[in-house]
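Student: Structure for this input, please:
(one chain, ligands or ions: 1)
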Amino acid sequence: MLIVWVLGCTAEAESGATESGAVDTGSTEGVDSTSGTESGPADTGSTGSTDDSTPPEPTRCPAGMSPVPAVDPAYCIHTWEVTFSGSMGDLDQWREGAVATEGVVASEQGVLPSVGASFSQAELACANTRAVDADGVDHGAMWLATAAEWQDAGDGVVGAGGTVYPWGDTWDASMCVTTDDDGIPVWSGTQATGSLETCRSSFGVYDQIGNVWEWVDSGVAIDVEAWFATWPEFGREEGWLTAVDSAAAHRLAIEVTGVAGEVVWADGRVRWASDLASWGTRVDLHGWAVSGVGEPDVSSLPVRAVDSGEVDADGRVLADLLVLEELNGRPYPDKRGGAWYSGTRPRLDTPSYAHSWDFNGTIGFRCASAPFPD
Ligand SMILES: [Ca+2]
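Tutor: Alright, predicted model coming up:
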C-alpha cells in the first residue's frame with residue numbers, strides 16, 4: 001500500500017503540472033491509479049529506463065533533489081526553487097558578530113518559492129540543511145549550488161557543452177515564467193514552483209529560467225590583494241580606501257544596488273557622494289569598488305560605504321570607503337536565470353554580479369548536495 005501511495009503522488013504532481021500549468025490536485029485521481037505504477041520506476045531514477053522488468057534503483061538524492069547526471073550522479077540539486085523557514089538572521093552573514101542564519105530549506109512542486117534572502121543568508125541556509133536519506137541517515141550538509149553545478153543542471157551536460165536554455169538553443173518566451181521577447185513582464189507575479197512542464201531541464205530541474213532569480217556561488221573567490229596589485233594607484237590607510245591623487249580617484253566607480261552616487265576626492269581620500277534620500281536613513285552600505293565605469297564583476301573590490309557625517313555642497317552624503325579584507329576567499333555572489341518581471345531572454349550561462357552579499361531583493365536559490373553512497 002505504501003508503494004502504491006508514493007507512486008500515485010508522483011504521478012499526480014507531474015500530470016497536474018503538464019495539463020494545467022499550475023499544480024492542482026483532484027482531477028487526476030483516475031489517471032493516477034492506472035498510470036502511477038508504470039511511470040513510477042522511470043521517475044525514481046530520474047531517467048532513462050522504461051523497461052518494466054528493471055526494478056527501480058534507490059534514489060541517490062535527498063527528497064526534492066534531482067541527480068546530475070541522472071545515472072551515477074556527481075551531485076544532487078534542488079529540483080525546484082526552494083522555500084526556507086526559520087530565522088534568517090542578519091543579511092550580512094560574513095560580518096563579524098552577525099546574528100546567524102538558523103533557517104533551513106525545502107524544495108517541492110506547487111508552492112511559491114521564497115525570496116528575500118541575501119546571498120550570504122542563502123549560503124548559510126543551505127549549509128544548515130542536511131542531506132537525509134529515506135532511512136533517516138544523515139549524509140552531511142548541503143551547500144549553495146555553484147554556478148557550474150547550476151548551469152549543468154539546466155543545460156543537460158556535466159562540464160563543457162549543453163544547451164543555452166533548459167529546452168534547447170532557441171529562445172521561446174512561452175517555455176518558462178519569463179518576460180516577453182523584449183523584457184516586458186507578461187505574468188502577474190511569482191508562480192508556484194514547477195507550474196510549467198516545459199520549463200524543465202533534461203535532468204528534471206524546473207524553473208531555472210524565469211520565475212525568480214537565483215543566487216549561485218560564482219566559484220570565484222574575492223581576492224583583495226589581487227585587486228590592489230592590479231590597481232597600484234590605490235591603497236589603504238587604516239582600512240580606508242585611498243588613492244595617490246585625485247585623478248586616480250576618478251577612475252573608480254562604486255556600485256551599490258539602488259543607490260546613485262559618484263566617487264569624489266576630498267581631504268586626500270577617496271569618498272563616495274551618494275544620494276540616500278530614497279533610503280530614508282543613513283546606513284552603512286555594502287558594494288563594490290569597480291575600476292573604471294562599469295558593472296561589478298569578479299575583479300571588483302568589496303567595500304563598505306560608511307557615512308562620514310559630512311554633506312557636500314549638493315546635499316549628498318559623503319561616505320568613506322572601508323576595504324573589507326575579511327571577505328578574502330569568500331565567493332562573489334552571482335544571480336542567474338531572470339525572473340517573471342525582469343531579464344531579457346535570460347540564458348543559463350549568463351552571470352550577474354551586480355549585487356553585494358547582503359542585498360535581499362526578490363531573489364531565490366537552490367542548494368546542492370553530495371549523492372548518497374552507491
Ligand atoms: Ca528561477
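
Student: mind listing what Arg347 touches?
Tutor: Arg347 makes contact with 164-165, according to CB atoms under 8 Å, 6 or more residues apart in numbering. From N, CA and C alone the C-beta is placed, and that goes for glycine too.

Student: Please read off the pLDDT at it from the model.
Tutor: Predicted confidence (pLDDT) at Arg347: the value is 98.

Student: What is the burial count for Val264?
Tutor: By other CB atoms under 10 Å, 17 other residues sit near Val264.

Student: For it, which three-state class applies?
Tutor: strand (DSSP: H, G, I helix; E, B strand; the rest coil).

Student: can you pull the contacts of it?
Tutor: 249, 271-273, 312, 318.

Student: hmm, 10 Å instead?
Tutor: By CB atoms under 10 Å, 6 or more residues apart in numbering, the residues touching Val264 are 246, 249-250, 270-273, 312, 316, 318-319.

Student: cool, and Ala229?
Tutor: Asp223.

Student: Select from the contacts of Val264 every entry located in helices.
Tutor: 246, 249 (DSSP state H).

Student: Tabulate the contacts of Val264 (JSON lines), appending distance to Pro166, pLDDT and neighbour count.
Tutor: Shown next, in JSON lines, are the contacts of Val264 (distance: CB to CB, whole Å; pLDDT from 0 to 100; neighbours: other CB atoms under 10 Å):
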{"residue": "Ser246", "distance to Pro166": "50", "pLDDT": "89", "neighbour count": "12"}
{"residue": "Ala249", "distance to Pro166": "45", "pLDDT": "87", "neighbour count": "21"}
{"residue": "His250", "distance to Pro166": "44", "pLDDT": "83", "neighbour count": "15"}
{"residue": "Val270", "distance to Pro166": "44", "pLDDT": "91", "neighbour count": "24"}
{"residue": "Arg271", "distance to Pro166": "45", "pLDDT": "92", "neighbour count": "25"}
{"residue": "Trp272", "distance to Pro166": "40", "pLDDT": "91", "neighbour count": "27"}
{"residue": "Ala273", "distance to Pro166": "44", "pLDDT": "91", "neighbour count": "21"}
{"residue": "Asp312", "distance to Pro166": "49", "pLDDT": "84", "neighbour count": "12"}
{"residue": "Arg316", "distance to Pro166": "44", "pLDDT": "86", "neighbour count": "19"}
{"residue": "Leu318", "distance to Pro166": "47", "pLDDT": "87", "neighbour count": "20"}
{"residue": "Ala319", "distance to Pro166": "42", "pLDDT": "89", "neighbour count": "28"}
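
Student: wait, which of the contacts of Val264 is closest to Gly294?
Tutor: Of all these, Gly294 sits closest to His250, with 14.1 Å by CB to CB.

Student: And the closest residue to the closest one other than its chain neighbours, how far from the ion?
Tutor: Among residues not flanking His250 along the chain, Val263 sits closest, at 6.3 Å (CB to CB, 6 or more residues apart in numbering). Applying CB to the ion, to the nearest Å, the value for Val263 to the ion is 34 Å.

Student: what number of residues lie near the residue in the stretch 51-200 of the chain positioned nearest to the ion?
Tutor: Scanning the stretch 51-200 of the chain for the residue nearest the ion gives Glu81, at 5.4 Å (criterion: CB to the ion). Counted with other CB under 10 Å, residues neighbouring Glu81 total 27.

Student: show me the contacts for the nearest residue to Phe119 once chain neighbours are set aside.
Tutor: Distances taken as CB to CB, 6+ apart place Pro333 nearest to Phe119, at 3.7 Å, with adjacent residues excluded. For Pro333, the contact set (CB under 10 Å, 6+ apart) comprises 118-120, 122-123, 144, 215-218, 222, 296, 351-359, 363.

Student: So which of the residues you listed belong to helices?
Tutor: Per DSSP H, those map to helices at 119-120, 122-123.

Student: May I ask which of those has the most neighbours?
Tutor: That'd be Ala122 among the ones in helices among the contacts of Pro333, by other CB under 10 Å, with 32 neighbours.

Student: Bridged to the residue most central in space within the chain, which residues?
Tutor: The centroid of the chain falls nearest to Trp215 when counting by CA atoms, centre = their mean (1.4 Å). Bridge pairing for Trp215 (DSSP bridges) gives the partners Lys335, Phe365.

Student: List the residues that contact it.
Tutor: Remark: with contacts taken as CB under 10 Å, 6+ apart, Trp215 is in contact with 117-123, 126, 144-145, 150, 333-336, 355, 357, 359, 363-366.

Student: and the nearest residue to Ser300 once chain neighbours are set aside, which of the three is it?
Tutor: Excluding the flanking residues, the one nearest Ser300 by CB to CB, 6+ apart is Trp288, at 3.7 Å. When classified by three-state DSSP, Trp288 comes out as strand.
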